[in-house]
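A.B. asks: Structure of the sequence below:
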Amino acid sequence: MKIEIWSDIMCPFCYIGKRKLESALERFPGKDKVEIIWHSFQLDPSLKYQPGKDLYTYLSERKGISREQSRRLHDQLTQTARENGLTYNFDKAIIANSFDAHRLIQLAKKHTLGDAAEERLFKAYFAEGRNVSDHATLVDLGSDIGLQKGEISGMLESDEYAKQVDDDIKEAQELGIRGVPFFIMNRKYAVSGAQPVELFLQTLNTSYNEWEKEDSYIPVANGNTCLPGEDCN
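C.D. replies: As a prediction, this is how the structure comes out:
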């Protein structure tokens, strides 16, 4: 049984959604038969590294809201993350482009380390305040999960895996995915957003029970997703 996930490692709801899916899988009888496939998605492909600018100011400028409103929005996200066992340190977050981080994930998938790469990059961005566009940082993060530093450096110095990232983003557009996280199970059922654990579990069971059927994918839920231009970076 396949679960495909479109995600951006700078999306706060994506990390929360990952945790909620994992909680559902712990209660799912068929969890040993599940294959998780991560797909790339960029909330803002044009985003550039902006040293010296904090996330609250960045969002206030982007959304046309006050810096205090921006801080309150991020404080709410921090609380939601805490409720799901995660630590968000938005005070330390570094504004940067995630494209090369997605290339690292694509490399990790080659070594069946896609999930580990997602987890490490989420933690690096949200908890540790690491610059996920910096190549030296990406080499260190990749080596943390068992990738060889030389292979990571060689990939980053080339355009390797850029096409895979672009293809994932293009496929998301073709499927009508506008926000992330977005989960598709066996190309039959979809869950949009960081939904409650019970809904993930329900959808897992439904998809598993219909494994052999030829149903087309049906969006079954919409929830908190990060949309381009929204308060997600």
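A.B. asks: how near is V180 to V191?
C.D. replies: Distance, V180 to V191, using Cβ to Cβ, to the nearest Å: 12 Å. Every C-beta, even on glycine, is put in place using the N, C-alpha and C of the backbone.
A.B. asks: which residue ranges form the helices in the chain?
C.D. replies: Along the chain, counting by DSSP state H, helices occupy 12-26, 55-63, 67-83, 99-110, 114-126, 135-144, 149-156, 162-174, 197-209.
A.B. asks: now the fifth one: mean pLDDT?
C.D. replies: Averaged over helix 114-126, pLDDT sits at 98.
A.B. asks: Can you give me the neighbour number for V180?
C.D. replies: 28 (other Cβ atoms under 10 Å).
A.B. asks: beta partners of it?
C.D. replies: C226 (DSSP bridges).
A.B. asks: what's around K53, how many residues?
C.D. replies: If you count neighbours by other Cβ under 10 Å, K53 ends up with 12.
A.B. asks: Next: K18.
C.D. replies: Other residues close to K18 by other Cβ under 10 Å number 23.
A.B. asks: can you check the one 3 residues further on too?
C.D. replies: The tally of other residues near L21 (other Cβ under 10 Å) stands at 25.
A.B. asks: who touches it in this structure?
C.D. replies: By Cβ atoms under 8 Å, 6 or more residues apart in numbering, the contact list for L21 reads 3, 5, 183, 200.
A.B. asks: What distance do you get for S143 to T78?
C.D. replies: Distance from S143 to T78, by Cβ to Cβ: 29 Å.
A.B. asks: Ok, D32 next?
C.D. replies: For D32 relative to T78 (Cβ to Cβ), the value is 34 Å.
A.B. asks: L147 too?
C.D. replies: Relative to T78, L147 is positioned 30 Å away (Cβ to Cβ).
A.B. asks: next one: P196
C.D. replies: In terms of Cβ to Cβ, P196 sits 19 Å off from T78.
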